[in-house]
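In: quick check, what structure comes out for this input:
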Amino acid sequence: MSSLAGAGRLRLAPGGDTGPFMHRVTVEHVACATVVSAAGEVDAYVAPELEEALAGARAAALVVVDLGRVAFLDSTALGVIVRETRAASEQGRSMRVVLPTGTARRIFEITTLDRVLPTATSREDALAES
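Out: Numbering: from 1, shown residues only. You can find the predicted model right below:
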């Protein structure tokens with residue numbers, strides 16, 4: 001597994017709180033796909049890392065975006081996922097999104113993207129669909 005440089009940056013909470021938020025974006029090449037995983041809070045600050053990881057995975061026939069460990073996802077990061085999913089489809093590649101659980105899933109439900117994007121309930125399910 002390879003990690004992007006800068007992944008896992010530590011930043012302070014908004015409003016000057018001292019509690020840190022961690023995020024991580026990693027890229028893993030498996031036999032049949034490239035898996036881009038995100039964890040923690042994925043917002044406008046993290047979206048460029050996610051976009052870089054997905055751009056680096058464009059050569060793969062199947063890209064799995066594993067959001068299973070995401071605690072928060074904002075519209076900027078969601079836009080990156082939607083754009084990359086559309087581009088993959090236009091180029092004849094497959095992309096599967098493993099949706100987060102809990103409150104982070106809410107943005108997909110509110111926007112109804114959980115019904116539009118090619119989704120899977122787990123990384124294993126997404127890889128099995130290849």
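
In: contacts, neighbours, all on C-alpha from now
Out: Noted.

In: which residues are contacting the longest helix seen in the chain?
Out: For the chain, the helix that runs over the most residues, judged by DSSP state H, is helix 75-90. For helix 75-90, the surrounding residues in contact (Cα atoms under 8 Å, 6 or more residues apart in numbering) are 42-44, 46-47, 50-51, 54-55, 58, 94-95, 107, 117.

In: ok, stretch 52-64 next?
Out: Applying Cα under 8 Å, 6+ apart, the set of residues contacting stretch 52-64 is 4, 25-27, 32-36, 84, 88, 93-98, 123, 126-127, 130.

In: just the buried ones among the residues you listed, please.
Out: Buried members of the contacts of stretch 52-64, scored by 16 or more other Cα atoms under 10 Å, are 25-27, 33-36, 84, 88, 93-98, 123, 126-127.

In: quick one: which of these sit in helices?
Out: Among those, the ones falling in helices (DSSP H) are 84, 88, 123, 126, 127.

In: number of nearby residues for residue 125?
Out: Neighbour count of residue 125, defined by other Cα atoms under 10 Å: 13.
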